[in-house]
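Peer 1: predicted model and sequence below, questions to follow.
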Amino acid sequence: MAVAQTAGAVSWEDDAAPALRVRSYWQSVGYRLRHDKVTLVFGAVVLFVVLCAIFAPLIAPYDPYKESIIGRLKPFGWRGHLLGTDELGRDLLTRLIYGARSSLLMGLVPVLFAAMTGGTLGIVAGFAGKRVNTAIMRTMDVFYAFPSVLLAVAISGAMGGGMLNGLIALSLVFTPAICRIAETATAQVRNLDFIEAARATGAGTLTIIRHHVLGNVLGPVFIYASSLVSVAILLASGLSFLGLGVKPPEPDWGLMLSTLRQSIYVNPIICALPGAAIFVTSICFNLVSDGIRAAMDVRL
């Protein structure tokens with residue numbers, strides 16, 4: 001009888017449901033992202049564009065600067081040019097692949113710089129409060145008096161254009177918005193109990209910010225900064241289109257769109273390809289950002 005009871009107990013334990021595994025916050029975020037098919041699909045497109053930009057010399061079939069007088073504005077497939085040629089006879093596929101480098105650089109670097117600078121200023125303003133907060137935030141509010149597009153054009157135009165000046169202009173445009181996000185997140189946690197407990201133990205200001213405040217601010221800043229990448233790509237393309245960004249003969253989607261617009265009545269499909277690349281890349285970055293935002297918004 002004892003043997004039968006033991007066997008029954010073992011059988012019951014085998015049929016019982018497994019213990020519930022409690023995921024950490026980042027494990028929960030990863031689980032949501034892995035099961036978000038839309039984010040995964042558009043993230044694969046973003047990864048493809050990034051890999052094309054990194055390995056452009058290995059992927060591109062032709063020299064992006066080689067011109068041909070007799071090969072101007074040729075259609076798809078002409079003499080091995082899969083996407084045809086541009087107004088100077090250069091291979092359009094090669095130019096698009098190399099153009100991803102400057103477009104992604106102009107989209108990612110200003111956001112990264114603005115996140116570091118604006119995040120630091122926002123944390124200082126939110127944690128210090130009073131006069132420091134007023135000085136920093138009122139300075140940031142000055143930038144809000146101008147539309148972002150107009151401000152980027154004005155700064156880049158005043159500095160003389162070029163990729164470096166475009167990067168600086170876009171960084172200055174995005175810094176105030178990220179600074180406000182960081183300041184708001186810091187002000188929300190500044191007077192919470194765990195901050196007061198850290199003060200009571202004698203922890204210094206830098207220690208409290210590094211161990212207790214930074215973790216609560218990085219999430220909102222990262223989510224908002226990821227949504228700015230698509231905006232940065234569009235603004236950078238706009239600056240290049242106006243002649244205030246990347247200078248010729250460097251391949252850039254916005255610059256290619258500007259130079260090809262004069263040939264729109266000769267070969268309209270080829271002229272639309274740089275615009276399609278800008279549209280697809282910015283939309284994919286935007287949708288991936290929305291997926292990351294939804295995954296990080298874990299409500300307990």
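Peer 2: Received, thanks. Residues are numbered from 1 along each chain as shown.
Peer 1: show the contacting residues for the closest residue to Leu235 other than its chain neighbours.
Peer 2: Nearest residue to Leu235 in three dimensions, chain neighbours excluded: Ala152, at 5.4 Å (C-beta to C-beta, 6 or more residues apart in numbering). Any C-beta I mention is one placed from the backbone N, CA and C, and that applies to glycine too. By C-beta atoms under 8 Å, 6 or more residues apart in numbering, the contact list for Ala152 reads 166, 169-170, 173, 235, 238-239.
Peer 1: isn't Pro64 up against Tyr98?
Peer 2: Yes. At 4.5 Å, Pro64 and Tyr98 qualify as touching, with contact defined as C-beta atoms under 8 Å.
Peer 1: and Ser226, what element?
Peer 2: Assigned by DSSP states H and E, Ser226 belongs to helix 214-241.
Peer 1: what is the mean pLDDT for that helix?
Peer 2: The average pLDDT within helix 214-241 is 90.
Peer 1: C-terminal to that helix, what's the next element?
Peer 2: Using DSSP H and E, the next helix or strand after helix 214-241 towards the C-terminus is helix 253-260.
Peer 1: elements contacting that next one?
Peer 2: helix 92-128, helix 214-241, helix 268-296 (3 or more C-beta pairs under 8 Å, 6 or more residues apart in numbering; DSSP states H and E).
Peer 1: pipe those helices into a markdown table and attach distance to Ser68 per row.
Peer 2: Shown next, in a markdown table, are the helices and strands packed on helix 253-260 (distance: least, C-beta to C-beta, whole Å):
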| stretch | distance to Ser68 |
| --- | --- |
| helix 92-128 | 12 |
| helix 214-241 | 24 |
| helix 268-296 | 15 |
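Peer 1: could you point out which of the ones you listed sits nearest Gly157?
Peer 2: Closest to Gly157 of the helices and strands packed on helix 253-260 is helix 214-241 (C-beta to C-beta; 9.0 Å).
Peer 1: residues of that closest one that come out buried?
Peer 2: By neighbour count on 16 or more other C-beta atoms under 10 Å, the buried set for helix 214-241 is 216-218, 220-241.
Peer 1: for the residue sitting nearest the centre point of the chain, give me its contacts.
Peer 2: Closest residue to the average C-alpha location of the chain: Val229 at 3.0 Å, with C-alpha atoms, centre = their mean. Residues in contact with Val229, defined by C-beta under 8 Å, 6+ apart, are 107-108, 111, 285, 289.
Peer 1: can you pick the most crowded of the residues you listed?
Peer 2: Most neighbours among the contacts of Val229, by other C-beta atoms under 10 Å: Phe285, with 27 neighbours.
Peer 1: ok, now how distant is it from Ser226?
Peer 2: According to C-beta to C-beta, to the nearest Å, Phe285 stands 8 Å off from Ser226.
Peer 1: now Pro75
Peer 2: Distance, Pro75 to Ser226, by C-beta to C-beta: 38 Å.
Peer 1: could you do Ala158 as well?
Peer 2: 29 Å.
Peer 1: pLDDT score assigned to Thr6?
Peer 2: For Thr6, pLDDT reads 46.
Peer 1: correction: Met1
Peer 2: Model confidence at Met1 (pLDDT) stands at 45.
Peer 1: with Leu20 instead?
Peer 2: With respect to pLDDT, Leu20 has a value of 51.
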